[in-house]
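J.: Got a predicted structure plus its sequence, pasted below:
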Amino acid sequence: MFKVDRLRFGTAGIPLSTPKPSTITGIEHVRKLGLDAMELEFVRGVNISPELAKKIKYVAKKNDVLLTAHAPYYINLNAKEKAKVEASKKRIIQSAERLYEAGGWSVVFHAGYYLKQPPESVYQRILEALKDIQKELMDKGVKVWIRPELTGKPTQFGDLKEVVKLSEELEMVLPTIDFAHAHARNKGKCNSVEEWREMLSFIEDRLGREALDNMHIHMSGIEYTEKGEKRHLPLQESDMNWEDLLRVLKEFKVKGIVISESPNIEEDAILMKKKYEEVKV
């Protein structure tokens, strides 16, 4: 995996203001907006051909835009049916392959649901599935980070400890830390300097400095209930103390990528980048 030089900011998908939107014009527009990252959204399927991936790689490199990808939403590595688990593994592998061909760096996915089963046995099943995925990608020479995401509902597999433990056990795995999800999953907690310092210290203690030098972060405002995440909101319409979070990221000298998942994707990405650059630590 290549080293990331700084903390970059970008959009979850093609910016909304992109004229004649396509992946390539989206990357060019990200650069015009002063941003330096973009997440390819494979949410309904891996919709980029190997030929297009080569063009995307050229354009991203030329514009110094770092690419990540979000694997399809139809993934559950803890599904009861073996066929669904196999299909989920295939979707993650395809996403990683295509991202790698496009010169990208990190693929994120929601690993699965507990389905009212004991968390320990769910963890074990997801670990075994990820071992298969890692082996196939290594055999094919695909070098991108595989990222189970910190999820927004207690019914979804993926609290901080689970995604960090998977990362300890597997060479190609690091977590995607979605701070809005952490806030919603924990019913309004995980929204203070002390809690964020605790989270980042935990990640560094367990996974080493490499994890903080290669962070894949999702950010947005969020609306939540007792059941966790309800919907994403613009940062300034939410109770997220996002400016304090940016200070903590700078304090810990975090490198990697912050992807805005707010409904106004580029506005909040630009807002975060500007505020981050203003932060004095």
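T.: Looks like it arrived, so ask away.
J.: When you work out contacts or count neighbours from here on, use the C-alpha atoms and nothing else.
T.: OK.
J.: how close does Asp139 sit to Leu99?
T.: 16 Å (Cα to Cα, to the nearest Å).
J.: buried ones in whichever strand or helix holds Ser201?
T.: Assessed by DSSP states H and E, Ser201 sits inside helix 193-207. Residues of helix 193-207 classed as buried: 193, 196-197, 199-201, 203-204, 207 (neighbour count, 16 or more other Cα atoms under 10 Å).
J.: can I get these in JSON lines with pLDDT?
T.: As requested, these are arranged in JSON lines below (pLDDT from 0 to 100):
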{"residue": "Val193", "pLDDT": "98"}
{"residue": "Trp196", "pLDDT": "98"}
{"residue": "Arg197", "pLDDT": "98"}
{"residue": "Met199", "pLDDT": "98"}
{"residue": "Leu200", "pLDDT": "98"}
{"residue": "Ser201", "pLDDT": "98"}
{"residue": "Ile203", "pLDDT": "98"}
{"residue": "Glu204", "pLDDT": "98"}
{"residue": "Leu207", "pLDDT": "98"}
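J.: which of those residues lies closest to Val173?
T.: Lowest distance from Val173 to the buried residues of helix 193-207 (Cα to Cα) belongs to Leu207, with 10.5 Å.
J.: how many other residues sit next to the closest residue to that closest one other than its chain neighbours?
T.: Once flanking residues are discounted, Leu207 sits nearest to Glu168: 6.3 Å by Cα to Cα, 6 or more residues apart in numbering. Residues lying near Glu168 (other Cα atoms under 10 Å) number 15.
J.: same check, this time on the one 3 residues further on
T.: Residues within reach of Glu171, counting by other Cα under 10 Å, total 12.
J.: Gly112 now?
T.: 25.
J.: Tell me the spacing between it and Pro15.
T.: Gly112 is 28 Å from Pro15, by Cα to Cα.
J.: And Lys275, by the same measure?
T.: Distance, Lys275 to Pro15, by Cα to Cα: 19 Å.
J.: Which one's more surrounded, these two?
T.: Pro15 (24 against 13).
J.: what about the more buried one, which SS state?
T.: coil (DSSP: H, G, I helix; E, B strand; the rest coil).
J.: and what of Val107?
T.: Val107 ends up strand, using three-state DSSP.
J.: With adjacent residues omitted, what lies nearest to it?
T.: Ala69 (4.7 Å).
J.: Give me the pLDDT value at the one you found.
T.: If you check Ala69, the pLDDT there is 98.
J.: can you count the residues close to Lys140?
T.: Other residues close to Lys140 by other Cα under 10 Å number 10.
J.: element containing the residue nearest to Leu207, please.
T.: Going by DSSP H and E, Glu168 is in helix 160-169.
J.: Counting by contacts, list what that helix packs against.
T.: Secondary-structure packing of helix 160-169 (3 or more Cα pairs under 8 Å, 6 or more residues apart in numbering; DSSP states H and E): helix 193-207.
J.: what is the mean pLDDT for the helix or strand following the helix it packs on?
T.: Going down the chain from helix 193-207, the next helix or strand is helix 209-213, by DSSP H and E. Throughout helix 209-213, pLDDT has a mean value of 97.
J.: Pull out the CA atoms of helix 209-213 and give them to me as PDB.
T.: In PDB, the C-alpha atoms belonging to helix 209-213 read as follows (Å, rounded to 0.1, in the frame of the first residue of the first chain):
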ATOM      1  CA  ARG A 209       1.000   4.400  14.200                       C
ATOM      2  CA  GLU A 210       0.400   2.900  10.800                       C
ATOM      3  CA  ALA A 211      -3.400   3.000  11.400                       C
ATOM      4  CA  LEU A 212      -3.300   6.800  12.200                       C
ATOM      5  CA  ASP A 213      -1.100   7.400   9.200                       C
END
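J.: mind listing what's buried in that helix?
T.: 211-213.
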